[in-house]
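A.B. asks: Provided below are the primary sequence and the corresponding predicted coordinates.
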Amino acid sequence: MNAKNLMTTFTILGLSFAIAANAVAEDPKPAPSLVKELVTAVGQMQQIYGLIDKLDQQLSKPGPEADQLAGELLGSLDQIERHPEVNKYIHAIVDQKKERLAAQLFLRVGRAQLAAGDWGRIVIGQLVVEDGKIEPEMVQAQMPILQEGYFADEIKSIDLPICFRARGYRDLDVQLSSYKHSLANVDKVVLRPLPPEERVTLKGTVALDGSSDFKSVQLYVDTAMGPLNTPSGGYSPRASWPKPITVPVSEAGEFTVEGLNPSEVTVFATAPDHVNQYKKIVMLSSDHPTDMGELRLMKSDLGFYVGKAAPEGELNWESDYSSALKRAEAEHKPLMVMMTATWCGPCKMLEKETLNDPWIRSFLSRFVIVKACEDKDVEKKYGGGAYPTLIFADSSGRQMYRCTGYKPAFTFAQDCAKAFDSLSIEQPEAIKTLLEKQIVTLK
């Protein structure tokens, strides 16, 4: 893997879109040729993301190979980077003899530009922690932060800030509205310590269904990331995250944590044989301790709430959608389609852990179930985009409800209840019990 591959793919991608655009204007080629070029360009875009990730991994390992790779990347900077201000910014880091860091930032800029597109915006800058007590890389943000605080990311809107959060420091919201062009170069932004008198206390209790062993509870409090300003509404993955605060829980299930920021925090609790619980606390008061109330951990075994053991039975998967649809029509049964892929880890977890739960098996026994493995026709019919996606349809194949991603059995039971409701099918007795006890809801 070398930088030339990345540069070549960047160039081809740009030329492909340019050629397609000119061809549409002048119409010198038949339409299928343009479509082929577009498909090729999109495929090459995915290659670029993969190349960037691999190059970034190599640059993160200091040594002669990383130094050589950085030099090769930076040698092509002026050929690829179209924005002179970005070039100037990165060259300034090179002048400080920090070639590897400059190359990493170059890759971050490239990824941000790809994600933002020709009409999007990106932000670039450096985060400085005023007292130097924490590394900038350990500050919560929507993008990974490089050594010495350098960062780059795509943004959704200049009317929204980018946010930085760290325990013991003032919330930092960097406004971007003064930047009218495609690049917001915020230069240096400073994260400042929060005075002790402004720090706050949070307290609450844990309820542990079916147990009083509060020693088994693990409770954590984490500083929230702050509002996200990205086109996708999500944040970029990063190699490491700040560690949350581990909070002891008393024998009565009570807890108190001090020294928090007067802003949003997330409380996370876990215990053996119970469903993990998250709770966001948006407003913390510096005048008095904030009482978040009760955090209830429910048993992961649905039978605890149903009051009996699940019926025995196995799921009989169909492997062909057309055959499954014919069977559903013949048997007047609803259809559940699992859109999956052989390489999909969450799909395997969902099938092994969730769909293999005895209660979930009993709920799904009312359906004809089929596994559509990378089936483009099925994905075209129902709309793909993510694996796993489960489609609950009537006997004619008409979609009535869908859910996406891995979920534990306890959570998936709620999807089953919603699916039955959407299909106007009477709920199984076990789900009726769960609804009456408000363990699951149709909201």
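C.D. replies: That came in fine, so what should we check first?

A.B. asks: where do the helices of the chain begin and end?
C.D. replies: Assigned by DSSP state H, the chain shows helices spanning 3-26, 31-59, 64-75, 77-80, 84-95, 99-116, 303-306, 321-331, 345-349, 358-364, 376-382, 409-422, 429-436.

A.B. asks: how about JSON lines for those helices, with mean pLDDT and mean neighbour count added?
C.D. replies: For every residue, glycine as well, the C-beta is placed using N, CA and C. JSON lines is the format used below for the helices of the chain (pLDDT from 0 to 100; neighbours: other C-beta atoms under 10 Å):
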{"stretch": "helix 3-26", "mean pLDDT": "41", "mean neighbour count": "15"}
{"stretch": "helix 31-59", "mean pLDDT": "71", "mean neighbour count": "15"}
{"stretch": "helix 64-75", "mean pLDDT": "90", "mean neighbour count": "16"}
{"stretch": "helix 77-80", "mean pLDDT": "75", "mean neighbour count": "14"}
{"stretch": "helix 84-95", "mean pLDDT": "91", "mean neighbour count": "16"}
{"stretch": "helix 99-116", "mean pLDDT": "90", "mean neighbour count": "22"}
{"stretch": "helix 303-306", "mean pLDDT": "94", "mean neighbour count": "17"}
{"stretch": "helix 321-331", "mean pLDDT": "96", "mean neighbour count": "16"}
{"stretch": "helix 345-349", "mean pLDDT": "93", "mean neighbour count": "15"}
{"stretch": "helix 358-364", "mean pLDDT": "95", "mean neighbour count": "20"}
{"stretch": "helix 376-382", "mean pLDDT": "93", "mean neighbour count": "14"}
{"stretch": "helix 409-422", "mean pLDDT": "95", "mean neighbour count": "21"}
{"stretch": "helix 429-436", "mean pLDDT": "95", "mean neighbour count": "17"}
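
A.B. asks: what does stretch 268-286 contact?
C.D. replies: 197-200, 202, 206, 208-209, 211, 213, 216-222, 224, 244, 260-267, 290, 292, 295-301, 408, 410-411 (C-beta atoms under 8 Å, 6 or more residues apart in numbering).

A.B. asks: from the opening residue of it to its closing one, how far?
C.D. replies: From its first residue to its last, stretch 268-286 covers 22 Å (C-alpha to C-alpha, to the nearest Å).

A.B. asks: which residue packs closest to Leu219, ignoring adjacent ones?
C.D. replies: Leaving aside its sequence neighbours, Leu219 sits nearest to Val247 (C-beta to C-beta, 6 or more residues apart in numbering; 4.4 Å).

A.B. asks: ok, Ser396 next?
C.D. replies: Glu329 (6.8 Å).

A.B. asks: was I right about that neighbour contacting Arg398?
C.D. replies: No: Glu329 lies out of contact with Arg398 (C-beta atoms under 8 Å); the separation is 11.5 Å.

A.B. asks: about what we covered before: just want to check the distance between the residue nearest to Ser396 and Ala372.
C.D. replies: 17 Å (C-beta to C-beta, to the nearest Å).

A.B. asks: neighbours of Tyr278, just the number please.
C.D. replies: Per other C-beta atoms under 10 Å, the neighbour tally for Tyr278 reads 11.

A.B. asks: so which of the contacts of stretch 268-286 belong to strands?
C.D. replies: Residues from those lying in strands, with DSSP state E as the criterion: 200, 202, 206, 208, 218-222, 260, 265-267, 290, 292, 295-297.

A.B. asks: which of those residues count as buried?
C.D. replies: Among the ones in strands among the contacts of stretch 268-286, those buried by neighbour count (16 or more other C-beta atoms under 10 Å) are 200, 202, 206, 208, 219-222, 260, 265, 267, 290, 292, 295, 297.

A.B. asks: of the residues you listed, the lowest pLDDT goes to which?
C.D. replies: Lowest in pLDDT among those is Thr290, which has 87.

A.B. asks: can you pull the contacts of that one?
C.D. replies: 200-203, 281, 283-284.

A.B. asks: widest-spaced pair of the residues you listed?
C.D. replies: For the contacts of Thr290, the farthest-apart pair by C-beta to C-beta is Lys203 and Met283; their separation is 14.7 Å.

A.B. asks: those two: which is more packed in?
C.D. replies: Neighbours were counted for Lys203 and for Met283 using other C-beta under 10 Å; Lys203 has more, 15 against 8.

A.B. asks: tabulate the helices of the chain (a markdown table), appending distance to Ser177.
C.D. replies: Shown next, in a markdown table, are the helices of the chain (distance: least, C-beta to C-beta, whole Å):
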| stretch | distance to Ser177 |
| --- | --- |
| helix 3-26 | 30 |
| helix 31-59 | 29 |
| helix 64-75 | 32 |
| helix 77-80 | 29 |
| helix 84-95 | 18 |
| helix 99-116 | 17 |
| helix 303-306 | 51 |
| helix 321-331 | 50 |
| helix 345-349 | 38 |
| helix 358-364 | 49 |
| helix 376-382 | 40 |
| helix 409-422 | 40 |
| helix 429-436 | 48 |
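
A.B. asks: quick one: contacts of stretch 84-94?
C.D. replies: 74, 77-78, 81, 101-102, 105-106, 109, 124, 150, 183, 185.

A.B. asks: make it 6 Å
C.D. replies: Outside stretch 84-94, the residues within contact range by C-beta atoms under 6 Å, 6 or more residues apart in numbering are 81, 101-102, 106, 109, 183, 185.

A.B. asks: and the furthest pair within these?
C.D. replies: Pairwise over those, using C-beta to C-beta, the maximum falls at Leu101 and Leu183, 19.5 Å.

A.B. asks: may I have stretch 315-334 as PDB, with CA atoms only?
C.D. replies: Output of stretch 315-334 as PDB, limited to C-alpha atoms (Å, rounded to 0.1, in the frame of the first residue of the first chain):
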ATOM      1  CA  LEU A 315     -37.000 -21.700  13.500                       C
ATOM      2  CA  ASN A 316     -37.300 -23.100  10.000                       C
ATOM      3  CA  TRP A 317     -35.500 -20.700   7.700                       C
ATOM      4  CA  GLU A 318     -36.300 -20.400   4.000                       C
ATOM      5  CA  SER A 319     -33.200 -19.600   1.900                       C
ATOM      6  CA  ASP A 320     -35.100 -18.300  -1.200                       C
ATOM      7  CA  TYR A 321     -37.300 -15.200  -1.100                       C
ATOM      8  CA  SER A 322     -39.600 -16.300  -4.000                       C
ATOM      9  CA  SER A 323     -40.200 -19.700  -2.400                       C
ATOM     10  CA  ALA A 324     -40.900 -18.100   1.000                       C
ATOM     11  CA  LEU A 325     -43.400 -15.600  -0.500                       C
ATOM     12  CA  LYS A 326     -45.300 -18.500  -2.200                       C
ATOM     13  CA  ARG A 327     -45.400 -20.400   1.000                       C
ATOM     14  CA  ALA A 328     -46.600 -17.300   2.900                       C
ATOM     15  CA  GLU A 329     -49.400 -16.800   0.400                       C
ATOM     16  CA  ALA A 330     -50.400 -20.500   0.400                       C
ATOM     17  CA  GLU A 331     -50.400 -20.700   4.200                       C
ATOM     18  CA  HIS A 332     -51.900 -17.200   4.700                       C
ATOM     19  CA  LYS A 333     -49.000 -16.400   7.000                       C
ATOM     20  CA  PRO A 334     -47.100 -13.100   7.400                       C
END
